[in-house]
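1. Can you look at this prediction? I've put the sequence above it.
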Amino acid sequence: MRARAAAAAALASVGILAAGWQAGTHVVEAASVTTGAAGTTGASGTTGASGASGTGASGSGPGTSGSTSGSAGSSSGSQGSASSGALKNGTFTGAAEETRFGEVQVQIVVAGGKVTDVKALHLTDAERRSAMISATAAPILRSEVLQAQSANVDTVSGATVTSGAYLTSLQAALDAARA
Amino acid sequence: MQPGPEPQPAHAALATGAPPLLARTFLAMGTVVSLTVAFPPGAERGEAADRLEAASRVIEGDFEALEQRFSLYRDDSEASALARGVLRLAHASPEMRACYVEAVDWRRLTHGAFTAERPDGVLDLSGLVKGRAIAAAGRSLAALGLHDWCLNAGGDVLVSGTPSPSSAALASAPRGERPWLAGIADPADRRTLLGAYPLGGAPPSSDPSGSRRPATAGPRLALATSGSAERGDHIWAVGGGKPEFAQASVAGPDMVTADVLATAIVAGGRDMLNLAVAHWDVDVLAVTHDGELLATRGFRAPRAA
């Protein structure tokens, strides 16, 4: 699932880059990379035969907050006329996108007017991946919850107790022991 | 003044070993507020009790000040005057209007799941006021020079530091501080615990991988739990149906955020839960009416994470 999310981001960047290139500009404006967290619907990113169309990623559900505006993408290719709509051959590097889950940056290789390779230069590292996991609330068993005995806790959180109900609460017992 | 414990000689405290936790409680906002302060080993108990007593009085004032203005249970409050229609919001105090603006902001941010309007149309800012009171009390405690404390107001918790501070002589040494461990009450039986969540403690050590920003979650200093287990239907489901969750606990960096989101999740159900974990740096544990649990990683036992 993580891989899908990463792929979603990568494909989105490719799509943006390709679209920007086709339009004859190297500046990627208002590109929004949305990384879906684990469990999301993933991406629909297509690079057609012309390599010029990318529909980008659609990550819905948890984890969609990590959208950032893209800055200018740099390319190592020469200035293209873009008159034909075909992609210029060369290697192109998208702008690094800072998302909530880490930095995402991709590079594409274009040969014969087609995208022939996609590389992820920056993907979320291991710890950032764990941050992705924590950004979803998944069903769990009671035995999977971090457990504590009432004797071991320092305080108790619960739905607001009235002052009357407090008298019989665990918190009252803790407070009494520390009076 | 309540009679405090008899002052004891310092060597008596030193001999006990474990750092003392002292607590005071007072009534506010229809519930009980507990202030627990941790003192380093060797702290003189009488002096510690005096400091706690003084701090407790100060934060009691913080709660009282907000209650005086915002309580709908007091006929002479500004909120009651607004509810009766004898005062208009445009003529209300800057404090009232600021709170209203914040409530409107939260309603927008939570897509309507959190709202300050009761079904009968009366402006009810109580969903925000308790969190603000706790946050204000926390600022007072910091201003009083207290570092290690746990404030619990009717089940909403804000902490600072650790329950096991090192002694003053070691304060400059690297502190391996254990967090405050907060139990989560089971909505089906509030005398039992559903689980626990660590709050505060030592800040995360710097990331050895050298990444530009901390990869781990931000600080978790506040924990709020909302539900209908105790006070009946004080949360209204969006759309008027029965709330999907019996209880929701939210741990986050600050009290108001945790409190508002916990309320919003109970009102807004699973959609709001997903929105909360996506847009805020929080951990959530939600309990359905069937007793099923939904949790982010922070609420899971390490082996299950």
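-> Arrived safely, thanks for sending. Residues are numbered from 1 along each chain as shown, chains lettered A, B, ... in the order given.
2. What parts of the stretch 1-150 of chain B come near chain A?
-> With C-beta under 8 Å from any C-beta of the partner chain as the criterion, the stretch 1-150 of chain B comes near chain A at residues B:5, B:21-25, B:27, B:30-32, B:34, B:36, B:130, B:150. Every C-beta, even on glycine, is put in place using the N, C-alpha and C of the backbone.
3. Flag every buried residue along the helix or strand containing B:Leu141.
-> Assigned by DSSP states H and E, B:Leu141 belongs to helix B:126-143. Within helix B:126-143, the residues scored as buried using 16 or more other C-beta atoms under 10 Å in any protein chain shown are B:126-138, B:141.
4. tell me which of the residues you listed is nearest to chain A?
-> B:Lys130 (7.9 Å; C-beta to the nearest C-beta).
5. I'd say B:Gln68 and B:Asp75 touch.
-> No. Counting by C-beta atoms under 8 Å, B:Gln68 sits too far from B:Asp75 to count as a contact (11.8 Å).
6. The two: which is more packed in?
-> B:Gln68 (13 against 10; other C-beta atoms under 10 Å in any protein chain shown).
7. so how far is chain A from the more buried one?
-> Distance of B:Gln68 to chain A, given as C-beta to the nearest C-beta, to the nearest Å: 18 Å.
8. Tell me if that residue really is in a helix.
-> Yes. Counting by DSSP: H, G, I helix; E, B strand; the rest coil, B:Gln68 is part of a helix.
9. circling back: and the helix holding B:Leu141, what other elements does it pack with?
-> strand B:31-38, helix B:45-70, helix B:94-109, strand B:149-153, strand B:156-160, helix B:255-279 (3 or more C-beta pairs under 8 Å, 6 or more residues apart in numbering or on different chains; DSSP states H and E).
10. can I get the buried residues of helix B:126-143 in CSV with pLDDT?
-> Output for the buried residues of helix B:126-143, formatted as CSV (pLDDT from 0 to 100):
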residue, pLDDT
B:Ser126, 89
B:Gly127, 89
B:Leu128, 95
B:Val129, 95
B:Lys130, 95
B:Gly131, 96
B:Arg132, 96
B:Ala133, 97
B:Ile134, 98
B:Ala135, 97
B:Ala136, 97
B:Ala137, 98
B:Gly138, 97
B:Leu141, 97
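11. nearest to A:Arg178, of the residues you listed?
-> Of all these, B:Leu141 has the smallest distance to A:Arg178: 16.2 Å, by C-beta to C-beta.
12. follow-up on the earlier one: got a markdown table for the helices and strands packed on helix B:126-143, with mean pLDDT too?
-> Output for the helices and strands packed on helix B:126-143, formatted as a markdown table (pLDDT from 0 to 100):
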| stretch | mean pLDDT |
| --- | --- |
| strand B:31-38 | 96 |
| helix B:45-70 | 95 |
| helix B:94-109 | 96 |
| strand B:149-153 | 97 |
| strand B:156-160 | 97 |
| helix B:255-279 | 95 |
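13. Tell me where the model's unsure across the stretch 201-305 of chain B.
-> By pLDDT under 70, the low-scoring segments of the stretch 201-305 of chain B are B:202-217, B:228-241, B:303-305.
14. Run through the strands of it in chain order.
-> Taking DSSP state E, counting those that start in this stretch as the criterion, the stretch 201-305 of chain B contains strands spanning B:222-227, B:245-252, B:283-288, B:293-295.
15. So the shortest one, near chain A or not?
-> Yes. For strand B:293-295 and chain A, the contact criterion (C-beta under 8 Å from any C-beta) is met by B:Leu293, B:Leu294, B:Ala295.
16. Give the bridge partners for B:Gly183, please.
-> Beta-bridge partners of B:Gly183, counted by DSSP bridges, are A:Val156, B:Ala196.
17. which residues touch it?
-> Counting by C-beta atoms under 8 Å, 6 or more residues apart in numbering or on different chains, B:Gly183 makes contact with A:Ala148, A:Ser150, A:Val153, A:Thr155, A:Val156, A:Ser157, A:Leu170, B:Leu193, B:Gly195, B:Ala196.
18. switch the cut-off to 10 Å
-> A:147-150, A:152-158, A:170-171, A:174, B:157, B:192-197 (C-beta atoms under 10 Å, 6 or more residues apart in numbering or on different chains).
19. Pretty sure B:His289 is one of the things B:Lys242 touches, is it not?
-> Yes. With contact defined as C-beta atoms under 10 Å, B:Lys242 and B:His289 form a contacting pair (7.5 Å).
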